[in-house]
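> Give me a 3D structure for the following:
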Amino acid sequence: MKKEKVYKAWSTPVSAEDSRAIPCALCAGGRFKPALQCEGFSYVKCADCGLVQVNPQPEKTDVMRRYGEAFGEDYFSYELAHEEPFLQLQLLAFQDADFDTLEKESFGRAAGEHGDAPAVLDVGCATGALLALLKGRGWRTTGVEISPSAQYAQKERGLDIKTIPLEENGFPAASFELVHASHLIEHLNAPRIFLDEVFRVLKPDGRFLITTPNIDGFQSRFFGNRWRSAIFDHLYLFSVRTLKAMLAGSGFVVEGVYTWGGLGAGLAPLWLKRPADRLAKRFGAGDVMMMKARKKKPGE
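Below is the predicted model:
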């Protein structure tokens with residue numbers, strides 16, 4: 001039977017890199033079973049908690065190099081070409097998460113605490129399209145981006161962008177009312193360290209909006225190793241259950257889970273894609289998921 005053409009997300013070319021076996025990033029277990037065999041690389045699944053991951057893992061220096069000078073310009077071109085549809089998807093997800101109410105609460109709390117606008121941190125902010133929009137709505141904005149997209153956000157949009165990984169910036173504790181990270185955590189060697197740092201820099205009762213591919217979605221189950229998000233750059237593939245567990249392990253309370261995407265563009269006619277998208281969203285089987293998490297208050 002002829003296989004369907006699947007358009008995968010952008011990724012750096014598969015290459016040989018130094019790697020080492022590590023414990024599971026979620027439960028620290030050491031027992032794994034094969035999960036997805038892709039072209040030139042593979043995923044395993046933790047036999048204890050179910051987290052799907054690349055293991056052995058490439059070294060952090062090699063991962064950072066993927067987004068630097070060698071392929072960073074290609075990534076920037078991809079981000080710039082797709083920034084408008086990406087932004088519109090983010091805003092639709094914000095609607096699902098009732099962002100307007102969250103925003104009002106953040107402005108009210110900030111005004112009560114220090115008479116200033118609330119602060120937002122966008123980690124992996126790409127070209128800064130979302131930050132520019134939030135800045136226009138009155139937020140105090142900061143971004144983190146290690147690829148050449150950072151220079152565009154700085155020069156063309158006048159945004160405050162840090163060009164080193166989040167945990168290396170040394171932001172003061174409890175600095176932000178909101179942290180946002182879209183399609184980032186799956187690229188990181190140490191997602192737990194990242195979540196711990198997000199928790200540290202958030203103010204008590206602050207919110208974290210995190211978006212990542214959903215390996216329990218319909219598309220993943222249907223396409224298997226040809227799934228569009230099973231790519232070389234994705235070191236982890238989360239399910240709703242494993243991402244919830246990792247957030248809880250860092251101290252967060254998950255307030256909402258939202259998924260979208262039933263059939264990818266170009267894989268089906270609109271008359272089929274639209275109901276498939278609605279059903280995937282209704283039953284939590286979308287290709288991508290966002291979680292809204294809250295930092296617990298002291299003593300909670």
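> Could you list the residues in contact with stretch 235-248?
Stretch 235-248 is touched from outside by 25-26, 36, 43, 49-54, 57-58, 63, 185-189, 191-192, 195, 208, 210, 212-216, 220, 229-230, 254, 257, 259, 284, 289, 291, 293, with contacts defined as C-beta atoms under 8 Å, 6 or more residues apart in numbering. Every C-beta, even on glycine, is put in place using the N, C-alpha and C of the backbone.
> What about the residues you listed, which are in helices?
Using DSSP state H, the members of these that fall within helices are 63, 191-192, 195, 220.
> State the separation between stretch 146-164 and the centre of the chain it belongs to.
18 Å (C-alpha atoms, centre = their mean, to the nearest Å).
> residue ranges of the strands in this protein, please?
Secondary structure of the chain (DSSP state E): strands at 19-20, 32-38, 41-46, 52-53, 57-58, 119-123, 140-144, 161-162, 176-182, 202-213, 236-237, 252-260, 288-295.
> ok, back up a step: would you mind listing which of the ones in helices among the contacts of stretch 235-248 are buried?
The neighbour-count test (16 or more other C-beta atoms under 10 Å) marks 63, 191, 195, 220 as buried among the ones in helices among the contacts of stretch 235-248.
> how close does the closest residue to the first one other than its chain neighbours get to residue 34?
Take residue 63 and drop its neighbours on the chain: the residue closest to it by C-beta to C-beta, 6 or more residues apart in numbering is residue 189, 5.9 Å away. Taken as C-beta to C-beta, to the nearest Å, the spacing of residue 189 relative to residue 34 amounts to 21 Å.
> same thing with residue 289?
From residue 289 to residue 34 the distance is 24 Å (C-beta to C-beta).
> repeat for residue 146
31 Å.
> what does residue 158 give?
48 Å.
> And for residue 203?
Taking C-beta to C-beta, one finds residue 203 at 42 Å from residue 34.
> And residue 196, by the same measure?
30 Å.
> for residue 279, same thing?
30 Å.
> Compare the two and say which is more crowded by neighbours.
Remark: of residue 279 and residue 34, residue 279 carries more neighbours, 14 against 9, as counted by other C-beta atoms under 10 Å.
> With adjacent residues omitted, what lies nearest to the more buried one?
residue 262 (6.0 Å).
> burial count for the one you found?
Residue 262 has 25 neighbours, counted by other C-beta under 10 Å.
> can you give me phi and psi for it?
Torsion angles at residue 262 (phi, psi; degrees, to the nearest 10) stand at phi -100, psi -40.
> I figured it hits residue 280, correct?
Yes. Between residue 262 and residue 280 there is a contact at 3.4 Å, judged by C-beta atoms under 8 Å.
> got any residues that touch both of these two?
218, 286-287.
> In CSV, list those residues along with neighbour count.
Listed next are the shared contacts of residue 262 and residue 280 as CSV, based on neighbours: other C-beta atoms under 10 Å:
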residue, neighbour count
218, 20
286, 23
287, 23
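> from the residues you listed, which is closest to residue 138?
Nearest to residue 138 among those, counting by C-beta to C-beta, is residue 286 at 30.7 Å.
> Skipping adjacent residues, who's closest to that closest one in space?
Nearest one to residue 286, counting by C-beta to C-beta, 6+ apart, is residue 259 at 3.0 Å.
> Could I get the contacting residues of the one you found?
Counted by C-beta under 8 Å, 6+ apart, residue 259 has contacts 214, 217, 240, 280-281, 284-290.
> run the last query once more with 10 Å
By C-beta atoms under 10 Å, 6 or more residues apart in numbering, the contact list for residue 259 reads 93, 96, 214, 216-218, 240, 280-291.
> swap in residue 231?
8-12, 14, 38, 41, 186-187, 213, 237.
> still on that earlier bit, closest one to residue 79 among the strands of the chain?
Per C-beta to C-beta, nearest to residue 79 of the strands of the chain: strand 176-182, 11.5 Å.
> Can you add distance to residue 81 and mean pLDDT and give the strands of the chain back as a markdown table?
Converted to a markdown table, the strands of the chain look like this (distance: least, C-beta to C-beta, whole Å; pLDDT from 0 to 100):
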| stretch | distance to residue 81 | mean pLDDT |
| --- | --- | --- |
| strand 19-20 | 31 | 95 |
| strand 32-38 | 25 | 97 |
| strand 41-46 | 26 | 98 |
| strand 52-53 | 29 | 98 |
| strand 57-58 | 27 | 96 |
| strand 119-123 | 20 | 98 |
| strand 140-144 | 19 | 98 |
| strand 161-162 | 20 | 98 |
| strand 176-182 | 17 | 98 |
| strand 202-213 | 19 | 97 |
| strand 236-237 | 25 | 98 |
| strand 252-260 | 21 | 97 |
| strand 288-295 | 19 | 98 |
